[in-house]
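**Q** requesting a structural model of the entry that follows:
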Amino acid sequence: FTRAKQYVVSNCPLVQLFCALALMSLSQIAMNGDIADGTPFATSGTPTYSIKKEFANSIVLITGASGYIGSLVTEQLLRTTAVGCIYVLIRGKRGITAQERLQRVLQSGLFHMVRDNQKALSKVHLLEGDMNSDDLGLSAADLDNVLQNVHIVIHSAASIELEADVQHTLRSNYLGTRRLLALARRMQNLRCLVHVSTAYVNVNQPKGGSVEERIYPLFIGQQEVNHADIVDDLMSLKPQAANVRAQMYLDMWDFPNTYTMGKNLTEKLVASYHREHGLPIAIVRPSLVCGLAGDPYPGYCGNLAGPIGMGVAMAVGLFDRLDSVALVPTHVWDAVPGDIVSSVILATAAATAAQIEINRYKNSTIGSNEDPLVVHAGTSTTYPISFVEAFYAGLDFVQQNPPPFRLPGGSLFSIPLDYRPDEAAVKRCKYWTAWKVWGAVRLLEALGQHKTARRLKYGHLAWEIQNSTKTDRNLFFGSKNLQQLEAQLDGVDADSNQYIVTWTLKNGGWPRYISTNIAGMYRIVFGISIIKGLEDNDFKFIPAKSVKPARFAKPSDTRPLAHAGGAADKAQDSVRPHTPLLQTLPEEDDDQQQEDVVTAGFKGTAAAFSQIPADGASRYSDEVGSDTHGSTTGDSSRVWASADGRPSADGSANVGGIRQAISLRLGQSLSYRATTMADVQPGVVSGGALNSLRSRPVQRSSKLPSPPGSVKDL
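**A** Below you'll find the model as predicted:
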């Protein structure tokens with residue numbers, strides 16, 4: 001029988017052809033790293049890359065280093081690599097110098113593993129500059145150092161105001177990025193530029209659909225549009241005309257706000273520099289970036305995005321009944337730990353610098369084969385979580401750890417899996433919640449609790465945008481490139497567990513992660529450091545710490561830094577001026593850096609639920625005009641806008657103006673009729689934390705009374 005088989009194989013042409021085709025198919029599978037179910041894998045012949053190797057002795061430029069993502073990347077580089085030098089681009093802001101802002105970053109609890117290491121801290125070099133200035137506002141000497149020496153650029157600076165005036169968004173994100181790209185073209189030793197974007201640049205894709213790691217074109221009719229033409233068009237108009245025209249584009253392309261549209265156009269700009277100028281560029285798209293899951297500081301939160309913000313909102317009482325929930329319970333919520341995002345950025349930079357082929361969408365019908373590598377840093381297609389799962393994880397934590405205060409009428413409740421939000425009912429709940437928050441803010445300020453009042457105000461505004469049918473898109477962000485990035489990571493790097501690029505159950509799981517990060521946010525919002533149920537979370541508060549003065553020099557004070565380390569580094573030490581960077585940190589600023597980052601996140605989402613006004617000025621710009629490289633307009637102590645959209649001269653607001661502002665914010669009149677509903681929502685499990693504020697069933701009338709002086713018709 002064996003001899004018969006050998007005879008057939010050696011003498012039958014058809015059998016020989018079949019065997020040859022089979023071998024070709026197997027070879028192609030091995031080359032592509034694909035198997036039948038699409039799972040990537042690295043074979044013995046697949047090239048790998050090393051994060052440690054690519055960053056060793058390299059000089060890195062980071063924009064947005066004082067922000068959440070930028071600070072995570074800076075810390076991870078110092079802790080896990082032998083990076084040669086890190087240039088951080090920071091500007092002075094709100095009366096705080098760039099050096100003081102960097103000082104706060106490096107002394108924070110986030111840097112506790114490296115802040116006592118003088119050699120590590122001496123690698124951080126301050127570049128005082130501004131993304132909104134030519135050549136990034138650098139001095140001639142600093143500019144020369146950057147152009148000659150930088151190997152890797154990580155661009156994480158961005159304006160995070162979701163519905164800012166369109167010209168502000170484009171000026172900060174698009175034009176600022178264009179200045180950086182123009183600078184990158186002149187860099188003599190550039191090996192990689194990573195642009196940190198957002199997965200929600202494609203939020204305009206059909207609800208419930210899949211989004212690939214590709215550049216999606218925009219069309220007017222059947223004509224593909226050029227990003228530069230759109231930006232030139234909008235920037236050529238007066239502000240009010242630009243906002244009106246922007247609304248046309250938002251409606252045409254189904255973007256929910258100017259932020260996502262601006263970031264979409266910016267991605268197309270970045271891709272064009274890769275195609276047309278040959279820059280070694282890659283794009284990382286994080287989804288909702290939340291707190292840390294692991295090292296260096298589990299539970300460290302830089303914003304209230306995703307499950308963490310919802311858990312705090314539940315604790316405070318912003319969710320006061322079932323009707324206040326605007327999201328479909330079983331929809332997937334793509335949130336991702338911040339340390340995962342940082343690792344993805346470093347992995348993407350290393351793979352690009354090593355010229356490793358990762359892009360698994362080369363033959364896609366979407367976009368161009370010459371587009372740069374795009375990597376989603378998300379969880380919806382690797383380890384998804386639904387909104388209701390996140391809600392219940394937060395509920396478990398809050399039940400064990402009641403907050404020190406809760407808004408009147410707030411209660412904890414369950415969500416039926418078949419619940420579907422009623423938009424009108426959600427608006428009614430938001431209306432009364434806005435009143436309660438206003439009263440609580442006024443009371444806290446009267447009691448001198450200004451920090452708590454500010455946190456509550458901006459936390460409420462952040463909740464407004466997240467808890468919205470407008471943003472409940474149930475999108476699934478593809479992860480082929482992400483998984484291939486993980487598969488081709490060098491074995492030594494992978495075994496170190498310092499670079500986890502996909503969030504999975506083996507890394508801790510969602511319930512534990514959510515509890516850990518709500519515990520961290522409790523410290524920021526409520527000042528609580530003692531948490532019950534510690535066996536279910538990994539949070540341990542790490543305070544900021546004054547450290548010994550570090551040797552510090554601006555790049556313009558040193559010789560060119562082609563490589564740091566070794567004999568060259570020792571030679572340069574002799575010419576570096578030893579200026580104290582890290583000085584005594586006041587006790588009251590114990591966790592000021594984290595407070596600053598979180599507050600910036602609050603302000604960034606504050607205007608997101610108000611439509612773009614036709615007068616060209618953001619209705620609440622006097623309160624919330626803060627971003628990572630723009631300026632802050634107005635005094636953050638002002639609480640609400642007056643009737644004409646401007647705070648009163650003395651910083652206070654008249655009652656009629658407050659009511660009108662709230663009414664405008666919700667886009668409805670204060671007079672309306674409610675639909676007939678049950679008196680008490682099913683599933684209520686407990687009331688508020690304080691006896692005086694415990695929730696009681698409230699009889700709902702078919703008509704809600706209008707406060708005196710309200711606006712009847714808008």
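
**Q** what residue ranges in the stretch 401-550 of the chain score low on pLDDT?
**A** For the stretch 401-550 of the chain, applying pLDDT under 70 flags the ranges 533-534, 547-550.

**Q** what segments of it are strands?
**A** 412-413, 476-477 (DSSP state E, counting those that start in this stretch).

**Q** and the first one, what does it pack against?
**A** Other helices and strands packing on strand 412-413, by 3 or more Cβ pairs under 8 Å, 6 or more residues apart in numbering; DSSP states H and E, are helix 387-400, strand 684-686. Just so you know, the C-beta spots here come from the backbone N, C-alpha and C atoms, and that holds for glycine as well.

**Q** so which of these is nearest Gly338?
**A** Proximity to Gly338 (Cβ to Cβ) singles out helix 387-400 among those, at 16.2 Å.

**Q** thinking again about what came up before, quick one: the strands of the stretch 401-550 of the chain as JSON lines, columns for distance to Ala393 and mean neighbour count too.
**A** Listed next are those as JSON lines, based on distance: least, Cβ to Cβ, whole Å; neighbours: other Cβ atoms under 10 Å:
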{"stretch": "strand 412-413", "distance to Ala393": "13", "mean neighbour count": "22"}
{"stretch": "strand 476-477", "distance to Ala393": "21", "mean neighbour count": "22"}
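
**Q** Gly520 is nearest to which of these?
**A** strand 412-413 (20.5 Å).

**Q** partners of the closest one in the sheet?
**A** strand 684-686 (antiparallel) (DSSP bridges).

**Q** just for the chain, where's the confidence low?
**A** In the chain, residues with pLDDT under 70: 1-44, 305, 362-369, 533-534, 547-714.

**Q** just give me the longest helix of it.
**A** In the chain, taking DSSP state H as the definition, the longest helix is helix 423-446.

**Q** quick check: buried residues in that one?
**A** 425-426, 428-431, 433-434, 436-438, 440-441, 444-445 (16 or more other Cβ atoms under 10 Å).

**Q** how much space separates the residue nearest to Leu181 when sequence neighbours are not counted from Leu136?
**A** Closest residue to Leu181 apart from its sequence neighbours, by Cβ to Cβ, 6 or more residues apart in numbering: Tyr273 at 4.7 Å. According to Cβ to Cβ, to the nearest Å, Tyr273 and Leu136 sit 16 Å apart.

**Q** between those two, which is the more surrounded one?
**A** Shown here are Tyr273 and Leu136; by other Cβ atoms under 10 Å, Leu136 has more neighbours (25 against 21).

**Q** list the residues that contact the closest residue in space to the more buried one that isn't next to it in sequence.
**A** Take Leu136 and drop its neighbours on the chain: the residue closest to it by Cβ to Cβ, 6+ apart is Gly129, 4.3 Å away. Gly129 is in contact with Leu89, Ile90, Arg91, Leu136, Gly137, Leu138, Asp142, counting by Cβ atoms under 8 Å, 6 or more residues apart in numbering.

**Q** hang on, isn't the last one packed against Asp135?
**A** No: in this structure, Asp142 is not within contact of Asp135 by Cβ atoms under 8 Å, at 9.2 Å.

**Q** neighbour-wise, which of the two wins?
**A** The neighbour comparison of Asp142 against Asp135 (other Cβ under 10 Å) goes to Asp142, with 23 against 17.

**Q** can you tell me the helix or strand for that one?
**A** helix 140-149 (DSSP states H and E).

**Q** pull the CA atoms of the helix or strand following that helix into PDB?
**A** With elements assigned by DSSP H and E, the helix or strand that comes after helix 140-149 is strand 152-155. Extracted in PDB, the C-alpha atoms of strand 152-155 (Å, rounded to 0.1, in the frame of the first residue of the first chain):
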ATOM      1  CA  ILE A 152      11.700  58.900  18.200                       C
ATOM      2  CA  VAL A 153       8.700  61.300  18.600                       C
ATOM      3  CA  ILE A 154       5.600  60.500  20.600                       C
ATOM      4  CA  HIS A 155       2.900  63.100  19.900                       C
END
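
**Q** got the contact list for strand 152-155?
**A** 54-55, 58-64, 70, 73, 177, 180, 184, 187, 190-196, 345, 349, 353.

**Q** among the residues you listed, which lie within helices?
**A** Counting by DSSP H, those contribute Glu54, Phe55, Gly70, Val73, Thr177, Leu180, Ala184, Ile345, Ala349, Ala353 to helices.

**Q** which among those gets closest to Glu212?
**A** Of the ones in helices among the contacts of strand 152-155, the one sitting nearest to Glu212 (Cβ to Cβ) turns out to be Ile345, at 19.7 Å.

**Q** for stretch 503-521, buried residues please.
**A** In stretch 503-521, counting by 16+ other Cβ under 10 Å, buried: 503, 507-508, 510-521.

**Q** and which of these is nearest Lys532?
**A** Closest to Lys532, out of all of those and judged by Cβ to Cβ, is Ala519, at 9.5 Å.

**Q** for the closest one, which non-adjacent residue is closest in space?
**A** Excluding the flanking residues, the one nearest Ala519 by Cβ to Cβ, 6+ apart is Phe539, at 3.8 Å.

**Q** also Asp233?
**A** Nearest to Asp233 is Arg245, by Cβ to Cβ, 6+ apart, at 7.1 Å.

**Q** quick check, the one you found in contact with Ile230.
**A** No: the criterion here is Cβ under 8 Å, and Arg245 misses it with Ile230 at 9.6 Å.

**Q** neighbour count winner among the two?
**A** The residue with more neighbours, out of Arg245 and Ile230, is Ile230; 21 against 16, by other Cβ under 10 Å.

**Q** now do the contacts for that one.
**A** By Cβ under 8 Å, 6+ apart, the neighbours of Ile230 are Leu218, Tyr249, Leu265.

**Q** now do the buried residues in the host helix or strand of it.
**A** Per DSSP H and E, Ile230 falls inside helix 227-235. For helix 227-235, the neighbour count (16+ other Cβ under 10 Å) marks His227, Ile230, Val231, Leu234 as buried.
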